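Colleague: Turn this into a model:
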Amino acid sequence: MERNIVEHPGLFSQYGKQFQETVFQGLISDHAWAAQMTEVMSPDYFEVKALSYLAEKYFAYHKKYKCFPTLGLLVSIIKEELTETNDTILRDQVVDFLHRTKVSPNVSDLHYVKDKSLDFCKRQAFKDALEQAVELISTDKFDSVVTLMKNAVSVGMPHSTGHDFFEDLESRFVKTRRLVCPTGLPRLDAKDILQGGLGRGEIGVVTANTGVGKSHWLVAMGANALRAGKNVVHYTFELTEHAVGLRYDSNFCDMPSNEIPDNKDFVIEKYKELELGRLIIKEYPTGSASVITIRNHIEKLALKGFVPSLIVIDYADVMRSTRSYDSLRHELKLIYEELRNLSMDMNVPIWTASQANRDSAKSDIVGLENMSEAYGKAMVADVVLSLSRKPMEKATGSGRLFVAKNRAGKDGLVFPVHIDTAKSTIKILDESHMTLSEAVKQDETSMKTLLKQKWSEVSGA
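Modeller: Residues are numbered from 1 along each chain as shown. A predicted model of the protein is given here:
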């Protein structure tokens, strides 16, 4: 339903200039929301002439190409027109707004502004329909009134009405529908397990006991995504941005992190050889960041031209939920549900970690039942992996990777891995997997053999 409303110029004027600027920032950063707004909003709603001009170009591009331009492309589109115009006031306003948006975007009130402006525009569309309905009733065009009101109610709603099972049959046979970010571990990315990696809109969780290597796993996932040319944003709630950066350096340079500061020239030359995506590392104090905090930061990055292909969160268990509960179990489940919603809204995969409970320290394999405080976390996740290492294995880096849950393929598989915490690298040693029962039986046999060897040494002495 096309709308070209000119009889209500500057409808957003009652909300002020900052509100209008935030509306346009919302259009740029959230294309799904912008698609809803095309049905109910006219560029003439903006009182600020520069914003009205930009919205006109933005919506015109969508009408022609059925998609929205990025901020960078929008700048290119209007650059030539602005250089030729004699309207210096308009040109200065546009340049000033785009510069402020790119350098220091204001997204603190973005969610409120989007909701408020969409509701306002839908209400205005309904008012317009009522005015037209009065004219139609006066001419006895009652059927047209019904159609008009139905259209008015439906505008501004999300476009998708769902998957029509028989009508959309062909879409289920289109290959490569699931876009993924690889883990960089070939056996894990295989077709029978993750089918290439963690998919967009999916959340992957690695669980382990303290000191086993959860944070190193997350760095490895980020580093392998960068090697694949993906953009990564890494949130850290316990380590500093500097410390996480050193871990990425050690992974890329195959060098212990404590040696990185003394090898500056080598590191610089190494990055000249590598073709990597972009990495943003953002630190928040433990317990201070919620999903809203992360969403605002990602939207701010989007306005600066950075769109992540993978989000790494170290780690979700120490985040702050948007609602408080008496039970920590319910609060943790809410955090994971909010992360899942973020992943789906942003269409980006998320890797995070979860602390295993105390009993897992004695377990050969860490399972779903060992996820600390909230089994509900496993219900939300698409992929749950666990790492396990006993104290005697830490010196050699030996450990086990268990695929505890997997919506994309096989699970219940155990792989022997090597975890190098000095370089933040994870390697699967043997691509042939074992079942959980086979792994436990092998571990018991190995333990008995080790004890016999120790007893023989003691007895011989």
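Colleague: Okay, residue 297 and residue 181: tell me how far apart.
Modeller: Between residue 297 and residue 181 the computed distance is 19 Å (C-beta to C-beta, to the nearest Å). The way it works is simple: take the backbone N, C-alpha and C, and place the C-beta from them, glycine included.
Colleague: Those two: which is more packed in?
Modeller: Ranked by neighbour count (other C-beta atoms under 10 Å), residue 297 and residue 181 place residue 181 first, with 28 against 17.
Colleague: isn't that one right up against residue 228?
Modeller: Yes. Residue 181 lies in contact with residue 228 (C-beta atoms under 8 Å); the separation is 7.2 Å.
Colleague: Return the distance of the helix or strand encompassing residue 99 from the chain's centre.
Modeller: For residue 99, the element it lies in under DSSP states H and E is helix 88-103. Distance, stretch centre to chain centre, for helix 88-103: 30 Å (C-alpha atoms, centre = their mean, to the nearest Å).
Colleague: same thing with stretch 193-209?
Modeller: The answer for stretch 193-209 is 12 Å, by C-alpha atoms, centre = their mean.
Colleague: same thing with stretch 275-290?
Modeller: Averaged C-alpha coordinates place stretch 275-290 at 12 Å from its chain's average position (C-alpha atoms, centre = their mean).
Colleague: Now the biggest helix by length in the chain: buried residues?
Modeller: Of all segments of type helix in the chain, defined using DSSP state H, the longest is helix 110-138. Going by neighbour count (16 or more other C-beta atoms under 10 Å), the buried part of helix 110-138 is 110, 113-114, 116-118, 120-122, 124-126, 128-129, 133, 136.
Colleague: which residues in the stretch 151-300 of the chain form helices?
Modeller: Assigned helices in the stretch 151-300 of the chain, in chain order: 214-227, 241-253, 264-273, 291-303 (criterion: DSSP state H, counting those that start in this stretch).
Colleague: The shortest one - what's its average pLDDT?
Modeller: Read that as helix 264-273. Mean pLDDT, helix 264-273: 95.
Colleague: The closest residue in space to residue 261 that isn't next to it in sequence and residue 277, how far apart?
Modeller: Closest residue to residue 261 apart from its sequence neighbours, by C-beta to C-beta, 6 or more residues apart in numbering: residue 246 at 7.8 Å. Using C-beta to C-beta, we find residue 246 at a distance of 19 Å from residue 277.
Colleague: okay, these two: which has more neighbours?
Modeller: residue 246 (20 against 16).
Colleague: Contact partners for the residue nearest the centre of the chain?
Modeller: Nearest residue to the geometric centre of the chain (C-alpha atoms, centre = their mean): residue 348, 3.9 Å. Shown in contact with residue 348 (C-beta atoms under 8 Å, 6 or more residues apart in numbering): 200, 201, 308, 309, 310, 311.
Colleague: So the nearest residue to the second one once chain neighbours are set aside, which state does it fall into?
Modeller: I take that to be residue 201. Of all residues not flanking residue 201 in the chain, residue 344 sits nearest, at 4.4 Å (C-beta to C-beta, 6+ apart). Three-state call for residue 344 (DSSP: H, G, I helix; E, B strand; the rest coil): helix.
Colleague: What is the distance between stretch 333-352 and the centre of its chain?
Modeller: 7 Å.
Colleague: what does stretch 316-336 give?
Modeller: That offset, for stretch 316-336, works out to 19 Å (C-alpha atoms, centre = their mean).
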